[in-house]
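Trainee: When you get a sec, could you give me coordinates for this:
(one chain, ligands or ions: 2)
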Amino acid sequence: MNKQQALLSFPKGTIINATIRLTGSKSESNRALIIAALSKGLIEVDNLSDAADTVTLNEILQRLAKDPSAASPIDVGHAGTAMRFLTAYLSTLDGTFELTGSKRMKERPIKLLVEALWTLGATISYLEENGYPPLQIKGGLKQATDAVQIRGDVSSQYLSALLMIGSSLEKGLSLQIIDDLTSEPYVRMTLKMLEEAGIKHTWTQNVIKIEHQDFSAGRLVVEPDWSAASYWYSIAALVPGAQIALPNLKEYSLQGDSRIQQLMLALGVKTTRTDDGVLLQSISTSEQHAAGLGAQEVQSSATAASSSNDPAASSGSNGTQNDLSTHTNLLEDESGIIAGEAPIMEIPASSSLHQDQVHRNQDDSIIDLKDCPDLAQTIIVCAAARGLNLKFTGLETLKIKETNRVKALQNELAKIGVELLEDNFVYTLNCSNLHFPERVNIKTYDDHRMAMAFAPLSIFIPQLEIEDMDVVEKSYPDFWKDLQTAGFEVVTK
Ligand SMILES: O=C(O)C1=C[C@@H](OP(=O)(O)O)[C@@H](O)[C@H](O)C1
Ligand SMILES: C=C(OP(=O)(O)O)C(=O)O
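Mentor: Ligands and ions are numbered 1, 2, ... in the order given. Predicted coordinates for the structure are as follows:
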């Protein structure tokens, strides 16, 4: 099938003054759909995302509700959350299911989740490579135990998948997290949404407990997507005088990616709360200097931003301070490979020890994105365009997402003369040869975030081609239309 390219340009002198209505969060939507399905009609959902990942999961759940025996094979395409959440959910249904996905999905590890479900009593087998989809799931889980351990440093989606089925299991769930927890705000989002659906939990040190209990009737309202908002922050950081209103976004959100507010303050974007959402404004260089945001300050301010100002983020929802960030590594896996017998892809080394070292030794110019990996491409490309030699940690899990995002960033940033250097879990931008050619073609690697993170470069590159523009469907189908609303020219080729 021929891929459609977008040819982007940004007329010189355009001042951006736009209102952009973002679609709902795909993370919240996909949790809401699973919770609604588990609640058997007690929970209703409002403002579902238009994201293809959500549309796909919704269709699958509707087919399952109609006739589980006719629903298989179930194909989630590129949707990581759908793959992981359904693996747990299907284990609780009656029937036998084949769960598969795109070529890339078959390279994204699922072994830790499958092993945790095996411990609970599920019957799951690998249909191709050990440790990877496709899976055969024989439902009707007969629970062997409530106690399960799982490494937290590979994907938080495994934990969310288990937590969502916890209250439906006859013995409940006691989930012990070993190793560092990556993408922690997504686990908190899961627990918060379960709470909104009447499901209580406790989180003490590294153990989250959910008793067997019933959902209570209610409605989950999905907020607009903060990850999608990040591309507008990047644009505001690169276009002097830009003003972008994002209605309905909440300053304090269930979404950890709302941290873009603090991170981008350091790159020159101010966020103001309005009656119906937030307003982004680019701060001029002189304002940045007046606010003390010189090059050095940009770096330390960005670091400070990596500890959220969201009060909900600093303690368990039961008010218990958890110490996951400091607990020791219990299951060091020196090989750094969790794949089965035929490993397809190395997952980030079980790197807690090394990363702890980095954190201990770090000067304050390192931005840690472990809590918000989906912001990495946006921030790194934006910083590169600004010529800022920033340092980052917490990027290890990028290697097992829609593509190896570290490699993809390295390849595409090279086209503007920028290097992203990797050394012992620290990633450094070297912008000393930054230049903007007349025409650049950006490859997307089947990754929506590659397309959206690089699109703002059209502010500097007269003809920017984005290969395979349809990739944005995964999370933000209206992205190109919204760019046009803001004054960008988008020609489809
Ligand atoms: O739970 C979720 O909704 C998500 C968790 C994150 O994945 P990891 O936990 O694998 O980092 C994130 O990258 C993904 O886009 C959505
Ligand atoms: C990593 C992502 O999604 P998923 O893991 O759900 O495929 C993403 O949206 O950036």
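
Trainee: make it CA atoms for all contacts and neighbour counts henceforth
Mentor: Noted.

Trainee: list the helices and strands the host helix or strand of Gln410 packs on?
Mentor: Per DSSP states H and E, Gln410 falls inside helix 405-413. Judged by 3 or more C-alpha pairs under 8 Å, 6 or more residues apart in numbering; DSSP states H and E, the packing partners of helix 405-413 are helix 376-385, strand 419-423.

Trainee: need the residues of the protein near ligand 2, please.
Mentor: With C-alpha under 6 Å from any ligand atom as the criterion, the chain meets ligand 2 at residues 78-81, 374, 401-402.

Trainee: want to throw these into JSON lines with neighbour count?
Mentor: Below are the residues of the chain next to ligand 2 laid out as JSON lines (neighbours: other C-alpha atoms under 10 Å):
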{"residue": "His78", "neighbour count": "24"}
{"residue": "Ala79", "neighbour count": "23"}
{"residue": "Gly80", "neighbour count": "19"}
{"residue": "Thr81", "neighbour count": "22"}
{"residue": "Asp374", "neighbour count": "21"}
{"residue": "Lys401", "neighbour count": "20"}
{"residue": "Glu402", "neighbour count": "20"}
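
Trainee: can you pull the pLDDT of the spatially closest residue to Met83 that is not a sequence neighbour?
Mentor: Counting by C-alpha to C-alpha, 6 or more residues apart in numbering, Val76 is the residue found nearest to Met83 once chain neighbours are left out, at 6.1 Å. The confidence metric pLDDT takes the value 98 at Val76.

Trainee: hang on, Val76 packs against Val55?
Mentor: No - if you go by C-alpha atoms under 8 Å, Val76 and Val55 don't touch, sitting 10.1 Å apart.

Trainee: more crowded one of these two?
Mentor: Ranked by neighbour count (other C-alpha atoms under 10 Å), Val76 and Val55 place Val76 first, with 24 against 16.

Trainee: Mind putting the helices and strands packed on helix 405-413 into a markdown table with mean neighbour count and mean pLDDT?
Mentor: Formatted as a markdown table, the helices and strands packed on helix 405-413 follow (neighbours: other C-alpha atoms under 10 Å; pLDDT from 0 to 100):
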| stretch | mean neighbour count | mean pLDDT |
| --- | --- | --- |
| helix 376-385 | 24 | 98 |
| strand 419-423 | 17 | 98 |
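
Trainee: Figure out which of those is closest to Gln463.
Mentor: helix 376-385 (15.5 Å; C-alpha to C-alpha).

Trainee: How far off centre is the helix or strand following the closest one?
Mentor: Downstream of helix 376-385, the first helix or strand assigned by DSSP H and E is strand 391-393. Relative to the mean C-alpha coordinate of its chain, strand 391-393 is positioned 17 Å out (C-alpha atoms, centre = their mean, to the nearest Å).

Trainee: quick one: contacts of strand 391-393?
Mentor: 365-370, 425-429 (C-alpha atoms under 8 Å, 6 or more residues apart in numbering).

Trainee: Setting the sequence-adjacent residues aside, check what's closest to Ala116.
Mentor: Per C-alpha to C-alpha, 6+ apart, closest to Ala116 is Val148, 6.1 Å.

Trainee: The one you found in helix, strand or coil?
Mentor: strand (DSSP: H, G, I helix; E, B strand; the rest coil).

Trainee: Give the bridge partners for it, please.
Mentor: Applying DSSP bridges to Val148 gives these bridge partners: Leu175.

Trainee: Could you pull up the residues touching Val187?
Mentor: Counted by C-alpha under 8 Å, 6+ apart, Val187 has contacts 156-157, 159-160.

Trainee: between the residues you listed, which has the most around it?
Mentor: The contacts of Val187, ranked by neighbours (other C-alpha under 10 Å): first place Leu159, 27 neighbours.

Trainee: element containing Ala116?
Mentor: helix 111-120.

Trainee: Let me see the residues that make contact with the helix or strand just after that helix.
Mentor: Downstream of helix 111-120, the next assigned helix or strand under DSSP H and E is strand 123-126. Defining contact as C-alpha under 8 Å, 6+ apart, one finds that strand 123-126 is touched by 91, 114, 118, 132-139, 141.

Trainee: Provide the strand pairings for whichever helix or strand comes after strand 123-126, with the direction of each partner.
Mentor: Of the helices and strands lying after strand 123-126 in sequence (DSSP H and E), the nearest is strand 135-138. Note on strand 135-138: by DSSP bridges, its sheet partners are strand 96-100 (antiparallel), strand 123-126 (antiparallel).
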